[in-house]
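S.K.: Build me a model:
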Amino acid sequence: MTQKTECHMTFLFKGNKLAHAIWAVCATSCQYCKITLMEAMTKNAKTGLILSGGGARAAYQVGVLRSIANLLKEAGWPAHQNPFPIICGTSAGAINASALACSASNFSFGLRKLERIWSTMEAHQIYRADSLSMVRSGASWLSFLSLGWMVRRWIKTSPSSLFDNSPLAELLNKVLDFPGIDAALTSGSLHALAITASSYTSGMHLTFYQTLANIEPWIRSQRLAQRDFISLRHLLASSALPLIFPSVPLNWNGRFEYCGDGSMRQLAPISPAIHLGAEKVLVIGAGRMSETRREIPEDAPYPSIAQIAGHAMSSIFLDSLAVDIERLNRINKTLSLMSEENVNQTSLRPIRTLVIAPSERIDEIASRHIHSLPVSIRSMLGRIGATDVSGAALASYLLFESSFTNELMVLGMKDTMRVKNEVLAFFGSAKVCQVENGDSIKKVERPQMDSPVFQPSILSPTGF
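M.R.: As a prediction, the model looks like this:
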């Protein structure tokens with residue numbers, strides 16, 4: 001009777017700590033392992049990464065990416081290899097996306113840099129939080145809200161935002177190497193980078209993309225795209241929270257338009273990745289995709305300003321992504337009812353999607369860390385109810401403090417490990433291979449992709 005011997009690849013999926021070293025030996029002797037890994041890397045040439053917005057909530061994305069990097073490394077994926085050739089970011093997600101793109105030639109290095117930034121973050125690195133700046137800003141807003149009709153004739157410029165985010169510009173200018181994007185595109189480590197912003201001037205949602213591929217700008221209802229060299233100004237515009245941070249003028253077809261946070265009026269967050277050629281996308285959210293209905297007290301108090309503002313923020317940053325994912329699944333279900341012949345006659349193509357989003361309410365986590373904010377910020381938020389649990393959603397977008405961001409990163413790592421089989425299947429990693437007599441090779445079936453988190457979806461290249 002022929003004796004079967006398990007290939008060393010088996011250990012990669014049993015949590016063996018020496019997995020990477022074992023694969024290095026196995027790849028030289030097991031032809032199947034070598035082919036499997038190469039096939040996986042080739043198939044990921046059209047993998048897109050979608051990083052949504054959410055201010056300080058974007059720290060969660062870094063935790064997810066860390067767990068993904070660890071899982072791929074255990075499966076034999078080279079640490080420097082960028083698993084996301086197509087990267088798209090919005091708002092704070094645009095900053096994370098650009099950081100990864102700048103270091104796409106060395107993914108592990110770029111991820112470690114992101115981890116260092118988010119794990120040591122303090123509010124004063126993002127916006128001026130000292131008492132003098134807050135008093136000056138608050139007094140300016142108060143005077144214009146109450147006496148604007150009277151002082152307008154003497155003061156030429158009205159306040160542009162609640163906070164001054166010039167420290168963020170200084171931080172990004174220091175840590176991001178934008179020429180690295182050009183180098184990554186040239187070497188093939190990166191296929192495309194897209195950053196979105198919303199134009200206050202025209203009311204359109206704009207996508208700026210950088211690629212060497214021959215991809216024509218697309219035009220959709222209230223959505224436009226333009227090829228450009230991604231720069232610091234694009235990131236500051238995309239992450240300019242409405243009213244909180246100042247808008248930034250960006251060049252659009254030869255004219256300047258004042259732009260703000262890219263999550264505003266973003267009707268189809270996954271669309272840019274599809275237009276740039278992605279055949280499968282990983283979506284990392286900054287809030288729960290669905291909420292269970294909570295008990296409502298009979299005598300609910302009147303909502304605070306912070307509660308209303310937090311509700312508005314959630315509609316901007318979370319709802320459009322959830323709706324877009326829901327639309328993909330609905331289209332997919334509709335096409336599954338069609339015959340293969342009819343599907344082939346359409347312009348639709350399959351897009352595999354993997355969605356990873358927080359398993360816990362971010363506002364509840366934020367309520368435990370509001371004390372970490374500078375006294376001046378905490379005092380201002382307290383006056384509008386943002387330090388209460390009911391109003392903590394608003395504070396979560398401004399909580400650029402390491403105690404909060406580190407907890408979000410840990411949550412991101414845990415949530416990813418809960419769906420690690422789906423992650424490995426998404427990247428095409430084989431689970432086990434067996435060798436008979438050292439000659440014939442039998443491939444064991446990969447895990448079924450029937451998890452609600454991992455669903456193949458369909459997008460139209462022209463409709464989106």
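
S.K.: and Phe229, which of the three is it?
M.R.: coil (DSSP: H, G, I helix; E, B strand; the rest coil).

S.K.: Grab the nearest non-local neighbour of it.
M.R.: Spatial nearest neighbour of Phe229, chain neighbours left out: Gln210 (5.9 Å); criterion: CB to CB, 6 or more residues apart in numbering. Every residue, glycine included, has its C-beta placed from N, CA and C.

S.K.: Could I get the contacting residues of the residue nearest the centre of the chain?
M.R.: Residue closest to the average C-alpha location in the chain (CA atoms, centre = their mean): Leu51, at 1.4 Å. Leu51 makes contact with 58, 61, 87-90, 93-94, 96-97, 284, according to CB atoms under 8 Å, 6 or more residues apart in numbering.

S.K.: Check Ile50 too.
M.R.: 88-89, 93, 269-270, 273, 281-284.

S.K.: 6 Å instead?
M.R.: 88, 270, 273, 281, 283 (CB atoms under 6 Å, 6 or more residues apart in numbering).

S.K.: and it, that's in a helix?
M.R.: No - assessed with three-state DSSP, Ile50 is strand; it does not lie in a helix.

S.K.: Give me the phi and psi for the closest residue to it other than its chain neighbours.
M.R.: Sequence neighbours aside, Val283 is the residue nearest to Ile50 in space, at 4.4 Å (criterion: CB to CB, 6+ apart). Torsion angles at Val283 (phi, psi; degrees, to the nearest 10) stand at phi -110, psi 120.

S.K.: one step back: please identify which of the contacts of Leu51 is nearest to Met409.
M.R.: Using CB to CB, Gln61 is the member of the contacts of Leu51 that lies nearest Met409, at 8.8 Å.

S.K.: The closest one: helix or strand, and which one exactly?
M.R.: Element membership for Gln61 (DSSP states H and E) is helix 59-74.

S.K.: after that helix, next one along is what?
M.R.: strand 86-90.

S.K.: helices and strands around the following helix or strand past that following strand, which ones?
M.R.: As assigned by DSSP H and E, the chain's next helix or strand after strand 86-90 is helix 92-102. The elements that helix 92-102 packs onto, with contact taken as 3 or more CB pairs under 6 Å, 6 or more residues apart in numbering; DSSP states H and E, are strand 47-51, strand 86-90, helix 107-119, helix 179-187, helix 232-238.

S.K.: Output the helix holding Gln61 as CSV, nothing but the C-alphas.
M.R.: Extracted C-alpha coordinates of helix 59-74, given in CSV (Å, rounded to 0.1, in the frame of the first residue of the first chain):
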residue,chain,number,x,y,z
ALA,A,59,-6.8,53.2,13.3
TYR,A,60,-9.0,50.1,13.1
GLN,A,61,-7.8,49.6,9.5
VAL,A,62,-4.2,49.3,10.6
GLY,A,63,-5.0,46.5,13.0
VAL,A,64,-6.8,44.6,10.2
LEU,A,65,-3.9,45.0,7.9
ARG,A,66,-1.5,43.8,10.5
SER,A,67,-3.4,40.5,11.0
ILE,A,68,-3.7,40.1,7.2
ALA,A,69,0.1,40.6,6.9
ASN,A,70,0.8,38.0,9.6
LEU,A,71,-1.5,35.5,8.0
LEU,A,72,0.0,35.9,4.6
LYS,A,73,3.5,35.7,6.0
GLU,A,74,2.6,32.4,7.7
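
S.K.: List the buried residues in that helix.
M.R.: 59-69, 71-74 (16 or more other CB atoms under 10 Å).

S.K.: Can I get stretch 186-205 as CSV, trimmed to CA atoms?
M.R.: What follows is stretch 186-205, C-alpha atoms only, in CSV (Å, rounded to 0.1, in the frame of the first residue of the first chain):
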residue,chain,number,x,y,z
THR,A,186,7.3,51.9,-12.2
SER,A,187,8.4,48.6,-10.5
GLY,A,188,4.9,47.1,-10.7
SER,A,189,4.5,46.8,-7.0
LEU,A,190,1.5,49.1,-7.3
HIS,A,191,-1.0,49.3,-10.1
ALA,A,192,-3.1,52.3,-9.1
LEU,A,193,-3.9,54.6,-6.2
ALA,A,194,-7.1,56.6,-5.9
ILE,A,195,-8.1,59.3,-3.4
THR,A,196,-11.6,60.8,-3.2
ALA,A,197,-12.8,64.3,-2.2
SER,A,198,-16.0,66.2,-2.3
SER,A,199,-16.1,69.6,-4.1
TYR,A,200,-17.9,72.4,-2.3
THR,A,201,-17.5,74.5,-5.4
SER,A,202,-19.3,72.2,-7.9
GLY,A,203,-21.1,69.8,-5.6
MET,A,204,-19.5,66.8,-7.4
HIS,A,205,-17.8,63.9,-5.8
